[in-house]
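Enquirer: Kindly generate the corresponding structure for this input.
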Amino acid sequence: MPPQPWKTLSTREVYKNKWIRVREDIAEMPNGKTTVYGVCELGTGECTGVLPFIDDDHVILVRQYRYIQQENHRWEIPTGGLMPNEPIETGTQRELMEEIGYRADTLIPISSFYSSKSICHETCHLFIGRDLVPASRPPDETEFLEIQTLAFADVLDMVLSGEIMEAMTIVAVLQAARLRDR
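Expert: Numbers count the residues shown, from 1 in each chain. This next block holds a predicted model:
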């Protein structure tokens with residue numbers, strides 16, 4: 001028998017800015033007891049990322065200063081949150097144009113997953129981008145990016161060695177490697 005759903009008895013907003021909303025719920029569990037449950041709502045609840053292949057063996061990655069981790073040396077795929085009511089593919093192309101100055105004529109969906117199923121309300125959608133064509137948009141006001149073309153084999157090695165630690169990048173690279181092996 002599947003686990004029984006919990007019932008939200010009350011909810012209150014604890015904090016909000018344009019990127020995140022934190023709320024505290026009182027939830028009734030299947031046994032009738034209640035518990036406090038903290039929930040982070042990230043943006044619209046959906047984000048996107050794309051591993052852009054410039055050719056069969058090279059990808060374009062970005063790196064930027066990541067305030068939370070206090071570091072600026074790790075490569076990652078172009079990622080970002082979707083705008084309200086924005087189709088996933090539209091947001092994916094927007095992120096590519098903002099972050100690397102290209103759009104992809106071919107977007108191949110490879111995975112959707114929850115970034116942190118127990119406390120965050122966010123679904124990540126990942127793509128492989130191929131047939132890149134120059135097309136740019138201004139970056140977000142908080143993005144100061146370094147862009148580099150790297151050999152896919154080297155990027156896979158960075159994932160396997162733990163040098164790349166960003167979840168969306170890890171999943172995208174491992175999925176792309178799996179697809180290449182077929």
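
Enquirer: Now do the strands in this structure.
Expert: Ranges of strands in the chain, per DSSP state E, are 7-16, 20-28, 34-55, 58-63, 79-81, 102-114, 120-134, 146-151.

Enquirer: quick one, which of those is nearest to Met168?
Expert: strand 34-55 (4.1 Å; CB to CB). C-betas here are computed from N, CA, C, even on glycine.

Enquirer: Which strands or helices does the closest one pack on?
Expert: Under the contact criterion of 3 or more CB pairs under 8 Å, 6 or more residues apart in numbering; DSSP states H and E, strand 34-55 touches strand 20-28, strand 58-63, strand 79-81, helix 88-100, strand 102-114, strand 120-134, helix 167-180.

Enquirer: helices or strands up against the second one?
Expert: This points to strand 58-63. Under the contact criterion of 3+ CB pairs under 8 Å, 6+ apart, strand 58-63 touches strand 34-55, helix 88-100, strand 146-151, helix 152-161.

Enquirer: from these, which stretch is densest packed?
Expert: helix 88-100 (a mean of 21; mean count of other CB atoms under 10 Å).

Enquirer: So which elements touch that one?
Expert: strand 34-55, strand 58-63, strand 79-81, strand 102-114, strand 120-134.

Enquirer: switch to 10 Å and redo it
Expert: strand 34-55, strand 58-63, strand 79-81, strand 102-114, strand 120-134, strand 146-151 (3 or more CB pairs under 10 Å, 6 or more residues apart in numbering; DSSP states H and E).

Enquirer: Distance to Glu24 for those - can I get that in CSV?
Expert: Compiled in CSV, the helices and strands packed on helix 88-100 are given as follows (distance: least, CB to CB, whole Å):
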stretch, distance to Glu24
strand 34-55, 6
strand 58-63, 35
strand 79-81, 22
strand 102-114, 20
strand 120-134, 13
strand 146-151, 38
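
Enquirer: so which of the helices and strands packed on strand 34-55 gets nearest Gln70?
Expert: strand 58-63 (14.0 Å).

Enquirer: any idea of the mean pLDDT for that closest one?
Expert: The pLDDT scores in strand 58-63 average 97.

Enquirer: Return the set of buried residues in that strand.
Expert: With burial defined by 16 or more other CB atoms under 10 Å, the residues of strand 58-63 counted as buried are Val59, Ile60, Leu61, Val62, Arg63.
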